[in-house]
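# Pasted the sequence and its predicted model underneath.
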Amino acid sequence: QVQLVESGGGLVQAGGSLRLSCAASGRTFGSYAMGWFRQAPGKERELVAAISSSGSTYYSEFVKGRFTISRDNAKNTVPLQMNTLKPEDTAVYYCAAAAASFTWVVLTATQYNYWGQGTQVTVSS
C-alpha cells in the first residue's frame, strides 16, 4: 500500500515557476514507477511526466524543456519543477505510483495503482 500526498501548488503569473512535491509512504517506494498527471476543467486527465525506479524519465511534448521530474528514494519524494509556466498549465496536478519493472517508465493512467488527492496550479496571464 502506498499513500501519496501532493504539495506546492498555488497561483503564479505566466512565466513564473512552481515546485510541486509528492510525498509517499511505504517502505517499497523505490520499487514504484512514478508519474505526474494533470486535469483541467472539462478535460481528460493527461500525463505530464513520468520516472522509472531507475531514474529514466519521460515528458509530454507540451512540458518538454520547461518541467523536470526527479525522485529521491531516500526521502520518498518525487518533485516536479515547473518553469516558464503558461496559463494553459492551469490544472489540478496529481501524483501517481505504479508497480512496474525497474527500468519501466509508465505512460498510461490505467497502469497506475495509487493516486494522490491533487494540488491546484493556477497560472494567470
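Perfect, I can see it now.

# Give me the pLDDT value at the residue nearest to the spatial centre of the chain.
Within the chain, one residue has its C-alpha closest to the average C-alpha position: by Cα atoms, centre = their mean, that is Trp36, at 2.0 Å. According to the per-residue confidence, Trp36 scores 98 in pLDDT.

# What sits closest to it if chain neighbours are left out?
In space, Trp36 comes closest to Val48 once its chain neighbours are excluded; the distance is 4.4 Å by Cβ to Cβ, 6 or more residues apart in numbering. Bear in mind the C-beta positions are built from the backbone N, C-alpha and C, glycine included.

# Provide a list of residues in contact with the residue lying closest to Gln39 once chain neighbours are set aside.
In space, Gln39 comes closest to Arg45 once its chain neighbours are excluded; the distance is 4.3 Å by Cβ to Cβ, 6+ apart. Residues in contact with Arg45, defined by Cβ atoms under 8 Å, 6 or more residues apart in numbering, are 37-39, 94, 109.

# now do Val105
If a contact means Cβ under 8 Å, 6+ apart, then Val105 has 33, 50-52, 56-58 as its contacts.

# Now render the residues you listed as TSV, adding secondary structure.
Written out in TSV, the entries for the contacts of Val105 read as follows (DSSP: H, G, I helix; E, B strand; the rest coil):
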residue	secondary structure
Ala33	strand
Ala50	strand
Ile51	strand
Ser52	coil
Ser56	coil
Thr57	strand
Tyr58	strand
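
# Great, nothing more from me.
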